[in-house]
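# sharing a model prediction with you, sequence too.
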Amino acid sequence: MEKPRLLVVEDDAFTRTSIVGALVSNGIEVVDAVGTSAEAVTSFENHDPNVVLLDLDLGYGPTGLDLARAFRIRNPNVGLVMLTSYSDPRLLRANLPNIPLGTEYLVKSNVGEIKVVSEAIMQAIMNAAGSRTGSRQPKNDVPREIEGMTDVQVETLRMVAQGHTNGEIAKLRFVTEKAVEQTIAKIAKALDIPAATNQNQRVHIARVYFRLTGQGHL
């Protein structure tokens, strides 16, 4: 198997430094570690890594998925690993590109030791080597709570958690407030949230969102 030449893309400096140090201690060659999408593009061109470890949420601008898609276009055989706090990419933003084939998708809260990340890096290289013939779908286990939700429902869940009113959500989604109310009711039912006041319902929905995105509880 080809030895990893890893590019790390993580916007949090402390997390980035910690991951690099741990991976190097585990025998992984890290060719570069950057914190922005612009730096990532430049580094990818300069260092020609054969595998990239990306955070999904890189702040304002392109996401880790946007970068992953761009890197795969530039090099169809590059291995990809997503290491993120988001158990489902839809919880970050609507209309994200699909996860590229063969990507290893790791949720930070489920990673107990760096060995798991190292193994995912090696697996991603093997996945990418077979990408031309169609490697396996990413191991992105959607949380039970939102497994059956539509993209619209997940988007609305996120907007509720961000504090948007029904009227604001209606304007952002170009629908009526009644449609938003109906969507929230379906979300509450899917999450087994008992019928209560609208405010209590929204608090419960927000708690689920923050738990699923690794941001704690309200």
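Perfect, thanks for sending it. Numbering: from 1, shown residues only.
# residue ranges with poor pLDDT in the protein?
For the chain, the stretches with pLDDT under 70 are 131-142, 195-199, 216-218.
# go with 80
Counting by pLDDT under 80, the chain shows low-confidence ranges at 1, 130-143, 194-199, 214-218.
# quick one: the strands in it?
5-9, 29-34, 51-54, 79-84, 104-107 (DSSP state E).
# show me what the last one is packed up against.
Spelled out, it's strand 104-107. Secondary-structure packing of strand 104-107 (3 or more CB pairs under 8 Å, 6 or more residues apart in numbering; DSSP states H and E): strand 79-84, helix 114-129. Just so you know, the C-beta spots here come from the backbone N, C-alpha and C atoms, and that holds for glycine as well.
# between these, which one is nearest to Gly214?
Comparison of these against Gly214 by CB to CB identifies strand 79-84 as nearest, at 8.4 Å.
# residues contacting that closest one, please?
4, 10, 19, 50-57, 64-65, 68, 71-72, 99-100, 102-108, 111, 117, 120-121, 124-128, 138 (CB atoms under 8 Å, 6 or more residues apart in numbering).
# now the buried members of those.
4, 10, 19, 50-57, 64-65, 68, 71-72, 99-100, 102-107, 117, 120-121, 124-125, 127-128, 138 (16 or more other CB atoms under 10 Å).
# domains of this structure?
As given by automatic domain parsing, the domain ranges for the chain are 5-133, 144-212.
# okay, these, which one's buried deepest?
Among the domains of the chain, domain 5-133 has the highest mean neighbour count (mean count of other CB atoms under 10 Å), at a mean of 18.
# now render the strands of the chain as TSV, adding distance to Gln182.
Listed next are the strands of the chain as TSV, based on distance: least, CB to CB, whole Å:
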stretch	distance to Gln182
strand 5-9	39
strand 29-34	44
strand 51-54	36
strand 79-84	31
strand 104-107	30
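# show me the helices in the chain, by range?
Assigned by DSSP state H, the helices in the chain fall at 13-25, 37-47, 64-74, 114-129, 151-161, 166-173, 177-190, 198-212.
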